[in-house]
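Colleague: Can you look at this prediction? I've put the sequence above it.
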Amino acid sequence: ASTWNSVPAGGVTEAFNKDTNPLKMSLGVGAYRDDKGKPYVLNCVKKAEKIVFEQNLNKEYLPITGLAEFQKLSAELAFGKDSGPLNAGQIVTCQSLSGTGALRIGGQFLSRFFPGTKKIYVPNPTWGNHHAIFKDSGLETGLYRYFDKKTNGLDISGMIEDLKSFPAGSIILLHACAHNPTGVDPTPDQWADISSVCKSKGHFIFFDMAYQGFASGDATRDAFALRHFVERDGHQVMLAQSFAKNLGLYGERIGNFSLITDSASEAARVASQVKIVVRPMYSNPPSTGARIVKEILSNEQLRSEWHTEVAGMAKRIHAMRSALRNGLAQHGSKHNWEHITSQIGMFCYTGISPEQVGRLAKEFSIYLTKDGRISIAGINPGNVDYLAKSLHEVTK
Ligand code: PMP
């Protein structure tokens, strides 16, 4: 027998690919699809690519920490142009291999230099890769309460209670917006409470911001939590940014890592250590994605086109949420599906059981992850009614 004879097939995608039902639906993907179910390249990206191409740039290595102008624009997008720490030169930045790479740099940096306990608390549930990224970085992971199964909403009291109960000076990971997988975000008031509690406990905050602009359609609004923590409460946060979703640059692997320090001189010390973290992992990052993002964020016309397009994606996602909820009602579902429209971002945490997920796959050729998470991006006007009908069938 072959050495790999007993390796089982993994993932939802394999089962989907094998299925011959013409009505089959793939709701596991974490990437945006247009109204026809096709991958979408933003117009501002196409234009920026053309500009970059015509600049006839060389293919020399970027510095270890990446393209400086990109890093600056990226930090401005997140923290805001008028951010205190940004303008005081207290923020260390490093271009990263998308959001994943930024989380990994941060994890590695914490594991090497965080003075307290090397344990990071993540929400329950969280994006599955968080556990793996932080474990491979040498950190232990812990959980705080987040999702309330009874309401399909936020368990704010459980979350606050947990944050208060952790040892002072713990590391806390927060999803800045469009929580994955639940689509449930705190309200601005709840964010203010979370920030105050973390401040009074001296917790260290690591923000994962993979969906800025994609969540509400407005990049400034989606940065509310991050800016509130930094500007009002003076948290010296770490931040992982991704341009995969909001610019549709998935395969370009473009993101940014940043870390707020106390002073410009501390920033210089920290920056030198970030380089030492990055160098043995991949030497230096790729240039194309950074050049594209730099072009868009620094060119007023392209930037405004981006704002329109990202709002368009958010709008389509929201329209599909409404269509699914209406469809369920029309097919006679008696359940409360309010959370489908109140949740935000690419995903909807339906609250259905693993058995019901299994029935959707077996009887209706609709594939999603076992936790009942639907990627709204996989829904379009052509298949939403079939999904509503099938979802109603398995939840009757
Ligand atoms: N964090 C969260 C919460 C995510 O959902 C994702 C994308 N699935 C990422 C980080 C990172 O993705 P990428 O590395 O493609 O930017």
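Modeller: Nice, thanks for sending it over.
Colleague: In contact with Gly169: list those residues for me.
Modeller: Applying CB atoms under 8 Å, 6 or more residues apart in numbering to Gly169 gives the contacts Gly116, Thr117, Lys201, Gly202, His203, Phe204. Bear in mind the C-beta positions are built from the backbone N, C-alpha and C, glycine included.
Colleague: Touching, the last one and Pro115? I think so.
Modeller: Looking back up the chat, that one is Phe204. No - the pair Phe204 / Pro115 is not scored as a contact, 9.5 Å apart, by CB atoms under 8 Å.
Colleague: and for these two, which residues touch both?
Modeller: The overlap between the contact sets of Phe204 and Pro115 (CB under 8 Å, 6+ apart) is empty.
Colleague: So between the two, which is more surrounded?
Modeller: Residue environment comparison for Phe204 versus Pro115 gives the larger neighbour count to Phe204, 20 against 7, counting by other CB atoms under 10 Å.
Colleague: hmm, back to that, so which of the contacts of Gly169 are in strands?
Modeller: Restricting the contacts of Gly169 to those inside strands, with DSSP state E as the criterion, leaves Phe204.
Colleague: if we take the contacts of Gly169, which one ends up nearest to Thr288?
Modeller: Compare each of the contacts of Gly169 with Thr288 using CB to CB and the shortest gap goes to Phe204, at 33.4 Å.
Colleague: and that closest one, what are its bridge partners?
Modeller: Beta-bridge pairing of Phe204, defined through DSSP bridges, involves Ile171.
Colleague: that older thread, now rank the contacts of Gly169 by neighbours and give me the top one.
Modeller: Using other CB under 10 Å as the contact criterion, the top neighbour count among the contacts of Gly169 goes to His203, which has 23 neighbours.
Colleague: Now do the strands in the protein.
Modeller: Taking DSSP E to define them, one finds strands in the chain at 25-26, 91-96, 119-124, 140-145, 147-148, 153-154, 171-175, 204-209, 238-242, 255-260, 347-349, 366-367, 373-375.
Colleague: what's in contact with the second one?
Modeller: Yep, that's strand 91-96 we're talking about. Outside of strand 91-96, the residues that reach it under the criterion CB under 8 Å, 6+ apart are 62, 64-67, 70-72, 74-75, 79, 83, 85, 102, 104-105, 240, 254-261, 267, 270-271, 274-275, 278, 285, 290.
Colleague: Equivalent analysis for the third one, please.
Modeller: The set of residues external to strand 119-124 that reach it, using CB under 8 Å, 6+ apart, is 107, 110, 130-131, 134, 139-147, 159, 162, 166, 170-175, 179, 206.
Colleague: just those that are near the ligand?
Modeller: When those are checked against the ligand using CB under 6 Å from any ligand atom, the ones in range are His175.
Colleague: Write a PyMOL command that selects only the buried members of the contacts of strand 119-124.
Modeller: With 16 or more other CB atoms under 10 Å as the burial test, the buried ones among the contacts of strand 119-124 are selected in PyMOL as follows:
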select buried, resi 107+110+130+134+139+141+142+144+145+146+147+159+162+166+170+171+172+173+174+175+179+206
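Colleague: Quick one, which of the contacts of strand 91-96 are buried?
Modeller: The neighbour-count test (16+ other CB under 10 Å) marks 62, 64-67, 70-72, 74-75, 79, 83, 85, 102, 104-105, 240, 254-261, 267, 270-271, 274, 278, 285, 290 as buried among these.
Colleague: Could you restrict those to the ones contacting the ligand?
Modeller: Gly255.
Colleague: what are the bridge partners for the residue of the stretch 251-396 of the chain found nearest the ligand, then?
Modeller: In the stretch 251-396 of the chain, the residue that lies nearest the ligand is Gly255 (5.3 Å; CB to the nearest ligand atom). Beta-bridge partners of Gly255, counted by DSSP bridges, are Ser96, Ser242.
Colleague: State the pLDDT value of it.
Modeller: The predicted structure scores Gly255 at 98 on the pLDDT scale.
Colleague: Also Pro8?
Modeller: According to the predicted model, the pLDDT of Pro8 comes to 62.
Colleague: Also Ile374?
Modeller: 94.
Colleague: Tell me the spatial nearest neighbour of Leu163, not counting adjacent residues.
Modeller: Once flanking residues are discounted, Leu163 sits nearest to Val197: 5.0 Å by CB to CB, 6 or more residues apart in numbering.
Colleague: what's the spacing between that neighbour and Ile91?
Modeller: When distance is defined by CB to CB, to the nearest Å, Val197 is 24 Å away from Ile91.
Colleague: Can you report phi and psi for the spatially closest residue to Pro354 that is not a sequence neighbour?
Modeller: Nearest non-adjacent residue to Pro354, counting by CB to CB, 6+ apart: Lys370, 4.9 Å away. Comment: the main-chain dihedrals of Lys370 come out as phi -60, psi -30, following degrees, to the nearest 10.
Colleague: and if you look at Thr187?
Modeller: Backbone torsions for Thr187, taken as degrees, to the nearest 10, come to phi -80, psi 170.
Colleague: from here on, count from 13
Modeller: In the new count, where the first residue is 13, that last one comes out as Thr199.
Colleague: Now do it, the pLDDT please.
Modeller: Thr199 carries a pLDDT score of 97 in this model.
Colleague: Get me the contact residues on this structure for the ligand.
Modeller: Those residues of the chain that sit near the ligand, judged by CB under 6 Å from any ligand atom, are 42, 110-112, 139, 187, 192, 220, 222, 254, 256, 262, 267.
Colleague: Can you tell me the centre-most residue of the chain?
Modeller: In the chain, the C-alpha closest to the average C-alpha coordinate belongs to Ala222, at a distance of 2.8 Å (CA atoms, centre = their mean).
Colleague: these two touch, right, that residue and Leu251?
Modeller: No - assessed by CB under 8 Å, Ala222 is found out of contact with Leu251, at 11.0 Å.
Colleague: low-confidence ranges in the stretch 13-162 of the chain?
Modeller: In the predicted model, the stretch 13-162 of the chain carries pLDDT under 70 at residues 20-23.
Colleague: Show me the helices in it, by range?
Modeller: Defined through DSSP state H, counting those that start in this stretch, the helices belonging to the stretch 13-162 of the chain, from first to last, are 24-30, 55-66, 80-91, 96-99, 110-125, 140-148.
Colleague: His247: which of those helices is closest?
Modeller: Taking CB to CB as the criterion, His247 comes closest to helix 96-99 out of the helices of the stretch 13-162 of the chain, the separation being 10.0 Å.
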